[in-house]
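>>> Everything below, folded, please.
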Amino acid sequence: MRFFFPDAHDLVDPSFDFATERRIFSGSRQQSQLYAHEVHDVPPYDGMLLSKAMVDPHTKTSNVRYSFAQAQRLKRLGIREFLRLDRPGLKKRIDTMGDCGSFSYINEKEPPFGVDSVIEFYLDCKFDYAISLDHVIMGFTESDEAAADKLAEWKARSEITLEKAREFIKRHREDKLEFVPVGAAQGWSAKSYRDAVGSLQKMGYDYIALGGMVPLKTHEILSSLEAIKEVRHPSTKLHLLGISRLDNLEAFERLGVHSFDSTSPLKRAFMDDRDNYHTLERTYTAVRIPQVDGNPQLKKMILSGQVDFGFARKLEVACFDGVQAYDAGKLDIESLLDRLREYEAVWHGKKDDSARYRETLEDKPWKKCPCAVCRKLGIHVILFRGAERNRSRGFHNLYVLKQRLDTQSKKTKGKK
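Predicted structure coming up:
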């Protein structure tokens, strides 16, 4: 199974000094900082996915990450050169996939642009694979009767998606476009997903992306895949949009899933309360040492006079220095945990994560990991503190996901 990582300008600064927390800024962030495939010895993904919604503003709620200058440069160079996917020494090819970013216009009655606009974007960026224009359906039911009030809207969105897919592949054939067309399927039930895949296959698609599944429960995804299995041709490959669900990789692969994309491993590094650092065996909680001037709750208490800035800063420094001293064998774990507890009582008040911190600090998983991030950062990779560490830890998590996929692939081949 292949993993595509969605691009959202996730980079790390190679000049950042983790011990002193200083950097040397050198011009454009996108051009001077590094993507995950430039940090690791071997790229931690098989491909990168880029949504039109990340580049071109088309609604008031568009979450555009590219500046106007960056968007123009992307379209001038193409995605491979812009993301530096062909850098010298890269040990494997990274494929590219484009989609329209339908979640960005989820509240619109119809997509705010047409097939021509999407194709123009795909051609400008020179993608290897390109997904047809779709309209997301937010809802899932086991019975159409139970969702009668929503059914008309869901059916309309499904029909729009299939209509755009038909127009998309027609244009692809007539103009002999170079990218591989991927048909988008939207559904509100296992049966509707099955019917959508059947329709897309009749149009000529042999690579189909299943959209709208992000909010679904795992058993709903699996039931949909089981239904799709009834009509899926042996040669048809499935792509799961925005889905990882690592515990179900074997079942996904058995049910025809060829690829998926997800930012989950990266985001969990800094958005999850507990599972921040991943290994093949388990996850660990990152040790939180927030910067006094970077924690909103603590800043609010300081400004209101509840907490003295100097006192909080003293505790922060004691924790930061203590972690490094512990790593060097100059401070025992009990003394370090005492410091972390005291600071946490100030910046959080009602929280005590010291038991989970103990597991992380005692097991020292960063010392066992061979990835480039852990080799460079050492103990800093498990500190929940600032964007550089948190994003770097996310890059480590991407490495672990790729290792898990490679292990799964070997198992599958062994069974065959």
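>>> can we go C-alpha only for contacts and neighbour counts from here?
Fine.
>>> can you pull out the strands in the protein?
Per DSSP state E, the chain carries strands over the ranges 2-6, 47-51, 95-99, 129-131, 180-185, 207-210, 237-240, 257-261, 277-278, 283-284, 287-288, 383-384.
>>> Taking their axis directions, the second one and strand 2-6 sit at what angle?
Computed by axes from the mean of the first three to the mean of the last three Cα atoms, to 10 degrees, the angle separating strand 47-51 from strand 2-6 equals 40 degrees.
>>> for the longest one, same thing?
Calculated by the same axes, to 10 degrees, strand 180-185 forms an angle of 80 degrees with strand 2-6.
>>> Tell me how many other residues surround the residue nearest to G204 when sequence neighbours are not counted.
Leaving aside its sequence neighbours, G204 sits nearest to I169 (Cα to Cα, 6 or more residues apart in numbering; 7.8 Å). Residues contacting I169 under the criterion other Cα atoms under 10 Å number 22.
>>> can you check T285 too?
Counted with other Cα under 10 Å, T285 comes out at 25.
>>> I figured it hits D275, correct?
Yes. Using Cα atoms under 8 Å, T285 is in contact with D275, at 5.3 Å.
>>> so where's the stretch 301-416 of the chain uncertain?
Residues of the stretch 301-416 of the chain that meet the criterion pLDDT under 70 lie in 412-416.
>>> can you give me the helices for it?
Ranges of helices within the stretch 301-416 of the chain are 309-327, 333-347, 354-363, 372-377, 386-415, based on DSSP state H, counting those that start in this stretch.
>>> Now find how far off-centre the shortest one is within its chain.
When you say that, I think you mean helix 372-377. Offset of helix 372-377 from its chain centre (Cα atoms, centre = their mean, to the nearest Å): 21 Å.
>>> what separates the closest residue to P14 other than its chain neighbours from L151, distance-wise?
Computed as Cα to Cα, 6+ apart, the closest residue to P14 that is not its neighbour in sequence is Q33, at 6.3 Å. Distance, Q33 to L151, using Cα to Cα, to the nearest Å: 47 Å.
>>> Tell me how many other residues crowd A269.
Using other Cα under 10 Å, A269 has 29 other residues around it.
>>> How much space separates it from S262?
Distance of A269 to S262, given as Cα to Cα: 13 Å.
>>> If I look at the closest residue to I79 other than its chain neighbours, what pLDDT would I see?
On the basis of Cα to Cα, 6+ apart, the spatially nearest residue to I79 that is not a chain neighbour turns out to be C125, at 5.0 Å. pLDDT recorded at C125 is 98.
>>> My guess is C125 contacts L74. True?
Yes. If you go by Cα under 8 Å, C125 and L74 touch, sitting 6.6 Å apart.
>>> Just want to know which of these two has more residues nearby.
Under the criterion of other Cα under 10 Å, the comparison of C125 against L74 puts C125 first, with 24 against 20.
>>> need the contact list for that one.
74-79 (Cα atoms under 8 Å, 6 or more residues apart in numbering).
>>> Drop anything exposed from those.
74-75, 78-79 (16 or more other Cα atoms under 10 Å).
>>> Which member of the residues you listed is positioned nearest F311?
Set against F311, the nearest of the buried ones among the contacts of C125 by Cα to Cα is L74 (47.5 Å).
>>> what sits against that closest one?
Neighbour list for L74: 82, 125 [criterion: Cα under 8 Å, 6+ apart].
>>> can you pull the pLDDT of it?
Value listed for L74 in the pLDDT field: 97.
>>> picking up where we left off before, who wins for proximity to P14 among the strands of the chain?
strand 383-384 (17.6 Å).
>>> which outside residues touch the closest one?
Against strand 383-384 from outside (Cα under 8 Å, 6+ apart): 270, 286-290, 389-390.
>>> 6 Å instead, please
Residues from elsewhere that reach strand 383-384, judged by Cα atoms under 6 Å, 6 or more residues apart in numbering: 286-288.
>>> Provide the strand pairings for it, with the direction of each partner.
Applying DSSP bridges to the sheet, strand 383-384 is found paired with strand 287-288 (parallel).
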